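Peer 1: Structure, please.
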Amino acid sequence: MNDRVASKSLSVLFWAAAVAGLLFFIVFVFVFVSSGLNEGFSREFCFSNDCYLEFFEIYKAAFLLGEVMTKLVLGGATIGGILIALFSYVNTQKVNALSNHLSHLAVFQEYMSSEIEKRPLVSGSSVDVLRWYNYIFSESRYGVTDVSDEYQKFIKSLNREIKASNLQASHAEGGSFRYVPHQTRVIEVLSQVGICIDRAPRNHFFETEQEVFSLIRSINKEFCFGRDLPDVFSSQYL
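Peer 2: Numbering: from 1, shown residues only. Sure, this is the predicted structure:
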């Protein structure tokens, strides 16, 4: 339930309780007055025990109704208090989750920036840090920093491409390993998490690629612990 719906629900509950309380009061006054009218309001004031007993007997129905209404109002107030406390708790949890998300994201961005600086062939503009973070921690906004299934699939798909290229290089026939198809596949896979590598001559591309793989390994080691995430395979086609 979002904040707007919760606020609207509480407002409806408040006005419903107010209307019900007003109706109960009107009914109580009506019963009280009608009970007095039936007796004609002709009795003299007295403060004896008998007078008290007679008074309560005359207005017994009104008092019983008042007791029932009081219990209903108190019950409604208790339920309303519980709902308010629940909504307050939910909102607090949302605020805490968002705060943790922003803090975790800031640490991730800072670490990513420091790691990119260590790799001269990887530029900050070629890595969409926010996309990468959201790909790893898809539920971080809800306070959950578990590695997503989608990120696991990404690492596995990257390893498939590396493995396929390793096999092709080891069984190359009619010339050396053809790196252009490999280049296309790797670029496509890396783009899933916001990593962009431009096409380049063979040696330059391979050097850039290795720095990117190293960056992925570093990020996984620091932020993806506690999950059985496979390491990025070594490249044997270089």
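Peer 1: Every contact and neighbour count from this point should use C-alpha atoms.
Peer 2: Fine.
Peer 1: Determine the longest helix present in the protein.
Peer 2: Looking across the chain with DSSP state H, the single longest helix is helix 60-117.
Peer 1: how far is it from where the chain is centred?
Peer 2: Here the centre of mass of C-alpha atoms in helix 60-117, compared against the chain's by CA atoms, centre = their mean, to the nearest Å, lies 14 Å away.
Peer 1: For that helix, give the mean pLDDT please.
Peer 2: For helix 60-117, the per-residue pLDDT values average out at 80.
Peer 1: Between helix 60-117 and the next helix or strand after that helix, find me the angle.
Peer 2: Using DSSP states H and E, the helix or strand that follows helix 60-117 towards the C-terminus is helix 129-136. Interaxial angle of helix 129-136 relative to helix 60-117 (axes from the mean of the first three to the mean of the last three CA atoms, to 10 degrees): 120 degrees.
Peer 1: starting at the chain centroid, how far to stretch 118-126?
Peer 2: Going by CA atoms, centre = their mean, where stretch 118-126 is centred and where its chain is centred differ by 32 Å.
Peer 1: That one: end-to-end distance?
Peer 2: Between the opening and closing residues of stretch 118-126 lies a distance of 15 Å (CA to CA, to the nearest Å).
Peer 1: Please apply the same query to stretch 113-122.
Peer 2: End-to-end distance of stretch 113-122: 11 Å, with CA to CA as the criterion.
Peer 1: Identify all contacting residues around that stretch.
Peer 2: Under the contact criterion CA atoms under 8 Å, 6 or more residues apart in numbering, stretch 113-122 has outside partners 123-124, 207-208, 211-212, 215, 218.
Peer 1: Give me the buried stretch members for that stretch, please.
Peer 2: 115-116, 121-122 (16 or more other CA atoms under 10 Å).
Peer 1: Taking the residues you listed, tell me the two that lie furthest apart.
Peer 2: 115 and 121 (11.8 Å; CA to CA).
Peer 1: hmm, back to that, closest one to residue 72 out of the contacts of stretch 113-122, please.
Peer 2: residue 218 (62.1 Å).
Peer 1: got any ranges where this protein has weak pLDDT?
Peer 2: In the predicted model, the chain carries pLDDT under 70 at residues 1-18, 20-21, 24-25, 27-63, 65-66, 172-177, 226-227.
Peer 1: domains of it?
Peer 2: What the record gives for the chain is the domain set 3-100, 118-223, from automatic domain parsing.
Peer 1: what's the distance between the residue most central in space within the chain and residue 151?
Peer 2: Taking CA atoms, centre = their mean, the centroid of the chain lies closest to residue 142, which sits 2.4 Å from it. Taking CA to CA as the measure, residue 142 and residue 151 are separated by 18 Å.
Peer 1: Next, work out how far apart residue 170 and residue 210 are.
Peer 2: 19 Å.
Peer 1: So which of these two has more stuff around it?
Peer 2: Between residue 170 and residue 210, counted using other CA atoms under 10 Å, residue 210 has the larger neighbour count: 17 against 13.
Peer 1: What spatial separation is found between the more buried one and residue 70?
Peer 2: As judged by CA to CA, residue 210 and residue 70 stand 75 Å apart.
Peer 1: With residue 26 instead?
Peer 2: Distance from residue 26 to residue 70, counting by CA to CA: 14 Å.
Peer 1: what is in contact with these two at once?
Peer 2: Common neighbours of residue 26 and residue 70 (criterion: CA under 8 Å, 6+ apart): none identified.
Peer 1: To which secondary structure element type does the nearest residue to residue 170 once chain neighbours are set aside belong?
Peer 2: Among residues not flanking residue 170 along the chain, residue 237 sits closest, at 7.5 Å (CA to CA, 6 or more residues apart in numbering). Per DSSP: H, G, I helix; E, B strand; the rest coil, the local secondary structure of residue 237 is coil.
Peer 1: ok, residue 237 touching residue 165?
Peer 2: Yes - judged on CA atoms under 8 Å, residue 237 makes contact with residue 165 at a distance of 6.5 Å.
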